[in-house]
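Participant: Structure, please.
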Amino acid sequence: MTRLGFVLESDSCIGCHACTVACKSEHDVPIGVNRTWLKYVETGSFPNTGRSFTVMRCNHCDDAPCMKICPTSALHRTDNGVVDFDDNICIGCKACMNACPYDAIYINPDTNVANKCNFCNHRVEVGLEPACVVVCPTHAIVSGDLDDPNSEISKIVARDKVSVRAPEQGTSPKVYYRGVDQAALDPTRTKIADDGMIWADTTKDHPTLTHVMAEHSGTQVTGRTAYTTSHPMTWKSKVSGYLVTKAIAAGVMAIAALLVLLGHGDSSSAAGLLPAVIAGVFTAITGALLVADLKQPTRFLYILTKSNTESWLVRGAWILGAFAALVGLWGLLDLIGSNSALPWLSLPIVILSAGVAGYTAFLFGQCEGRDLWQTPLLLPTLLAQAVVAGGSTYLLLDLFIDVPELKALRITTLAALGALALLITTEVVSHGSRTVELATLEMTKGAYAQRFWLGGVVAGLVVPIILISLALNGTAQQGLGAIAAVCALVGLFSYEDAFVRAGQSVPLS
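Facilitator: Below you'll find the model as predicted:
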């Protein structure tokens with residue numbers, strides 16, 4: 001067995017960018033993206049200053065999270081230990097970009113598929129060295145078999161003091177750094193200065209510590225990032241929206257199933273066809289958002305035909321498909337007057353509803369590059385959100401139909417809002433890793449504070465709790481319930497959007 005890896009000798013690197021240029025030439029890498037790039041970090045203060053150069057790239061991890069999350073196995077391991085990719089089956093879901101703790105993967109703007117360093121595997125397989133190794137004028141890039149004790153790379157790793165990036169992620173990276181300034185390997189210890197970078201205009205796609213992160217976390221910034229590449233945020237409003245639409249679909253059907261079990265199966269509008277139609281529509285919207293977010297939307301069926309069963313994108317697709325089929329059967333049975341069969345479907349519907357609402361917790365758990373999303377509270381939060389979404393939908397339906405068990409429904413929605421408030425509070429005040437703390441600060445005090453506090457907390461929790469409480473006391477019940485429902489649904493999206501974006505706000509490279 002061969003395990004190819006790199007040693008990047010920062011103490012020999014002169015920052016000439018030959019490796020970056022050779023890589024771009026070898027692989028026709030478009031302008032604006034890189035498979036390998038150079039990071040400049042400056043430390044100290046005048047006149048005692050220093051600049052270190054660090055080559056950044058895919059780490060070809062032994063336990064590669066990008067491979068686990070890839071729904072089609074477009075990212076795969078070759079016999080020599082290299083993590084390679086297949087352009088022909090990539091669907092451009094960008095999940096691998098959030099799974100990678102090293103910011104090593106990009107979407108090729110010419111092909112709309114995920115690319116990264118592949119160790120120049122086409123060269124290695126015919127006995128040649130990677131292009132970057134060949135052109136390096138100081139032999140600062142060493143490649144070879146880490147399992148061969150006589151190889152140059154094995155001797156360096158065994159003899160010299162070497163470091164890896166983000167060892168706490170447990171990915172077993174096969175890229176080692178010698179003579180590196182630790183500030184260059186930890187992007188939370190350096191910052192892009194307000195006056196920008198050398199040779200590059202700073203944009204919002206250059207992730208760096210914000211003032212909020214640096215000032216409120218106590219993180220010690222020991223250097224300045226003087227040059228690096230941009231890394232655009234990958235998941236945005238479509239992902240935030242999909243979290244809400246599937247919560248509505250799941251919540252509505254769970255409540256419909258409970259109403260049937262309580263003896264209201266003969267109410268087509270409240271427990272039969274109407275909730276099935278609503279759930280079906282929002283499941284379809286969920287699917288449309290997922291497909292629209294793909295860079296290769298015409299390949300979306302590859303999730304089912306070329307499935308990597310380890311990926312929660314694939315498992316989520318199965319759950320959504322099974323849920324949609326059961327919802328369709330539910331509506332059909334009510335339409336043909338076979339309401340007596342609905343109680344038998346109620347338990348499977350509740351289970352699948354929980355699956356639809358909650359599977360994203362496991363999907364986000366596979367995004368190992370985004371520590372904020374690793375919280376164990378995400379699953380109960382998503383389940384509580386589904387109850388809030390379903391209850392809010394029924395409070396809106398109360399304007400048009402006779403909803404049975406309305407008081408119990410209001411109490412249930414109120415309890416779910418309370419649980420959601422408790423879960424969010426616990427998450428915000430908890431102290432996780434440094435990157436979790438930085439992301440939480442950006443969500444609560446930084447760029448996403450307004451949508452978190454005004455949208456997620458005030459509109460999404462405080463206002464609905466007050467209005468539903470008033471409705472329970474007999475005050476303008478329908479009107480207040482409907483307003484509370486709208487506020488709760490808007491709040492769900494605001495909170496999710498803040499959570500999704502803040503999780504991607506902490507720089508990884």
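Participant: pLDDT at Gln478, what is it?
Facilitator: Looking at Gln478, its pLDDT is 80.
Participant: Oops, could you answer that again for Leu399 instead?
Facilitator: 94.
Participant: was I right about it contacting Leu480?
Facilitator: No. With contacts defined as CB atoms under 8 Å, Leu399 does not count as touching Leu480, sitting 11.4 Å away. For the C-beta atoms, the positions are set from N, CA and C on the backbone; glycine is no exception.
Participant: The two: which is more packed in?
Facilitator: Set Leu399 next to Leu480 and count neighbours by other CB atoms under 10 Å: Leu480 wins out with 21 against 12.
Participant: give me every residue that touches the more buried one.
Facilitator: By CB atoms under 8 Å, 6 or more residues apart in numbering, the contact set of Leu480 is Leu467, Ile468, Leu470, Ala471.
Participant: Ok, Leu441 next?
Facilitator: Val212, Met213, His216, Ser217.
Participant: which regions of the protein lie under the pLDDT threshold?
Facilitator: Filtered on pLDDT under 70, the chain yields the residue ranges 476.
Participant: biggest helix in it by residues?
Facilitator: helix 477-503 (DSSP state H).
Participant: Name the next helix or strand downstream of the helix or strand containing Val350, please.
Facilitator: Using DSSP states H and E, Val350 sits within helix 342-365. Counting by DSSP H and E, the element after helix 342-365 in chain order, helix or strand, is helix 378-397.
Participant: which secondary structure elements does that next one contact?
Facilitator: When contacts are defined as 3 or more CB pairs under 8 Å, 6 or more residues apart in numbering; DSSP states H and E, helix 378-397 packs onto helix 237-259, helix 268-271, helix 342-365, helix 406-429, helix 463-472, helix 477-503.
Participant: now the fourth one: how far from the chain's centre is it?
Facilitator: Its chain's average C-alpha position is 25 Å from that of helix 406-429, according to CA atoms, centre = their mean, to the nearest Å.
Participant: Give the buried residues for that helix.
Facilitator: For helix 406-429, the neighbour count (16 or more other CB atoms under 10 Å) marks 406, 409-410, 412-414, 416-417, 419-421, 423-424, 427 as buried.
Participant: and if you look at the longest one?
Facilitator: Neighbour-count burial for helix 477-503, counted by 16+ other CB under 10 Å, picks out 477, 480-485, 487-503.
Participant: ok, residues contacting stretch 157-165?
Facilitator: So stretch 157-165 is in contact with 7, 59, 101-102, 146, 149, 156, 173, 175-178, 180, 182, 185, going by CB under 8 Å, 6+ apart.
Participant: Between the two ends of that stretch, how far is it?
Facilitator: End-to-end span of stretch 157-165 (CA to CA, to the nearest Å): 15 Å.
Participant: Pull out the buried residues from that stretch.
Facilitator: Judged by neighbour count using 16+ other CB under 10 Å, the buried positions of stretch 157-165 are Val157, Val162, Ser163, Val164, Arg165.
Participant: what do you get for stretch 172-182?
Facilitator: Pro173, Lys174, Val175, Tyr176, Tyr177, Arg178, Gly179, Val180, Asp181.
Participant: Next up, the contacts around the last one.
Facilitator: In this case it means Asp181. Residues in contact with Asp181, defined by CB under 8 Å, 6+ apart, are Ser10, Val41, Thr43, Gly50, Ser52, Thr54, Gly223.
Participant: Quick check: closest non-adjacent residue to the fifth one.
Facilitator: When you say that, I think you mean Ser52. Nearest residue to Ser52, sequence neighbours excluded (CB to CB, 6 or more residues apart in numbering): Asp181, at 4.3 Å.
Participant: if we can go back for a sec, what's the closest of the helices and strands packed on helix 378-397 to Cys70?
Facilitator: Shortest distance between Cys70 and these, using CB to CB, is found for helix 342-365: 12.2 Å.
Participant: and that closest one, which residues are buried?
Facilitator: Using 16+ other CB under 10 Å as the test for burial, helix 342-365 gives 342, 345-346, 349-350, 352-361, 363-365.
Participant: In helices, which of the buried residues of stretch 157-165 appear?
Facilitator: Per DSSP H, the buried residues of stretch 157-165 map to helices at Val157.
Participant: so Gly432 sits in a strand?
Facilitator: No. Under DSSP: H, G, I helix; E, B strand; the rest coil, Gly432 falls outside any strand and is assigned coil.
Participant: Identify the residues contacting it.
Facilitator: By CB under 8 Å, 6+ apart, Gly432 lies in contact with Asp371, Thr375, Thr440.
Participant: Let's have the helices and strands packed on helix 378-397 in CSV, adding distance to Cys19.
Facilitator: Below are the helices and strands packed on helix 378-397 laid out as CSV (distance: least, CB to CB, whole Å):
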stretch, distance to Cys19
helix 237-259, 34
helix 268-271, 64
helix 342-365, 34
helix 406-429, 41
helix 463-472, 55
helix 477-503, 31
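Participant: Tyr176 reaches Val55, doesn't it?
Facilitator: No. Between Tyr176 and Val55 there is no contact under CB under 8 Å: 11.4 Å.
Participant: intersection of neighbour lists for those two?
Facilitator: Counting by CB under 8 Å, 6+ apart, the common neighbours of Tyr176 and Val55 are Leu8.
Participant: For Thr381, give me its contacts.
Facilitator: Thr381 makes contact with Ala361, Leu420, Leu423, Ile424, Glu427, according to CB under 8 Å, 6+ apart.
Participant: Greatest separation within the contacts of Leu480: which pair is it?
Facilitator: Greatest spatial distance in the contacts of Leu480: Ile468 and Leu470, 7.3 Å, computed using CB to CB.
Participant: who's more crowded, those two?
Facilitator: The residue with more neighbours, out of Ile468 and Leu470, is Ile468; 26 against 15, by other CB under 10 Å.
Participant: Distance check, that one against Ala250.
Facilitator: 20 Å (CB to CB, to the nearest Å).
Participant: re earlier: helices or strands up against the helix holding Val350?
Facilitator: Other helices and strands packing on helix 342-365, by 3+ CB pairs under 8 Å, 6+ apart, are helix 237-259, helix 312-335, helix 378-397.
Participant: The longest one packs against which elements?
Facilitator: Going back to what we said before, that points to helix 312-335. Judged by 3+ CB pairs under 8 Å, 6+ apart, helix 312-335 is in contact with helix 237-259, helix 273-292, helix 302-305, helix 342-365.
Participant: Does Val41 touch Met56 like I think?
Facilitator: No. Taking contacts as CB under 8 Å, Val41 lies outside contact range of Met56: 11.3 Å.
Participant: Out of the contacts of stretch 157-165, list just those in strands.
Facilitator: Among the contacts of stretch 157-165, DSSP state E puts Val7, Val175, Tyr176, Tyr177, Arg178 in strands.
Participant: Could you count how many residues lie near the first one?
Facilitator: What it means is Val7. By other CB under 10 Å, 23 other residues sit near Val7.
Participant: Also Ile198?
Facilitator: Neighbours of Ile198 under the rule other CB under 10 Å: 9.
Participant: got the contact list for it?
Facilitator: Ile198 makes contact with Tyr40, Ala226, Tyr227 under the criterion CB under 8 Å, 6+ apart.
Participant: same check, this time on Ser494
Facilitator: Ser494 makes contacts with Arg451, Phe452, Leu454, Gly455, Gly456, Ala459, Gly460, as judged by CB under 8 Å, 6+ apart.
Participant: Show me which of these are buried.
Facilitator: Buried members of these, counted by 16+ other CB under 10 Å: Arg451, Phe452, Gly455, Gly456, Ala459, Gly460.
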